[in-house]
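Student: From the sequence below, what's the structure:
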Amino acid sequence: MSYLDDPRVLFAAERTLLAWVRTAVALMGLGFVVAKFGLFLHLVAGHEPSPAQEMFALLTGVALVALGVAGCIAAAVQHRRFIAELGPGEVPRGYRTGLAIVSTYALATLGVIVAVYLVAS
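Tutor: Okay, the predicted model is just below:
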């Protein structure tokens, strides 16, 4: 199925993937900050958070990181499916379409590592 035989379609798809990846990175970063917020309170305010507060912050942070990882994986899968539908006129010669997908999966893997680190620490 060919859309327009126009490479701009591919570039629009890559911009969409980038938007999803930026959102996922923001979620992962926010999750890390939320999970470590108890440490911030302890250092800056001299306030020791209760174990329940620490657990809530940890679970919320890990959930946000996991949501970012899921967003990365979903975006990569959707992008790969879309790329498979493009015609030969829509992908410039010599253009590597797999790099964006590999990078997104690598970012998802790093997110998993961050989640494991948060749970283990």
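
Student: Next, the contact list for residue 92, please.
Tutor: Residue 92 is in contact with 7, 10, counting by Cβ atoms under 8 Å, 6 or more residues apart in numbering. (Each C-beta comes from the backbone N, C-alpha and C, glycine too.)

Student: which stretches of this protein have low pLDDT?
Tutor: Within the chain, the segments meeting pLDDT under 70 span 1-4, 41-42, 45.

Student: neighbours around residue 86, how many?
Tutor: For residue 86, the tally of surrounding residues (other Cβ atoms under 10 Å) stands at 20.

Student: do residue 85 as well
Tutor: Residue 85, neighbours per other Cβ under 10 Å, totals 12.

Student: Give the buried residues for the one helix or strand residue 9 maps to.
Tutor: In this assignment (DSSP states H and E), residue 9 forms part of helix 8-35. By 16 or more other Cβ atoms under 10 Å, the buried positions in helix 8-35 come out as 9-10, 13-14, 17, 20-21, 24-25, 27-28, 30-32, 34-35.

Student: Need the nearest residue in space to residue 38, chain neighbours excluded.
Tutor: Spatial nearest neighbour of residue 38, excluding adjacent residues (Cβ to Cβ, 6 or more residues apart in numbering): residue 49 at 4.2 Å.

Student: That neighbour: what secondary structure?
Tutor: Assigned with DSSP: H, G, I helix; E, B strand; the rest coil, residue 49 falls in the coil class.

Student: Who's the closest spatial neighbour of residue 53, skipping the chain neighbours?
Tutor: Nearest one to residue 53, counting by Cβ to Cβ, 6+ apart, is residue 38 at 6.5 Å.

Student: hang on, that neighbour packs against residue 55?
Tutor: No - here residue 38 lies out of contact with residue 55, judged by Cβ atoms under 8 Å, at a distance of 9.5 Å.

Student: the more surrounded of these two?
Tutor: residue 38 (21 against 12).
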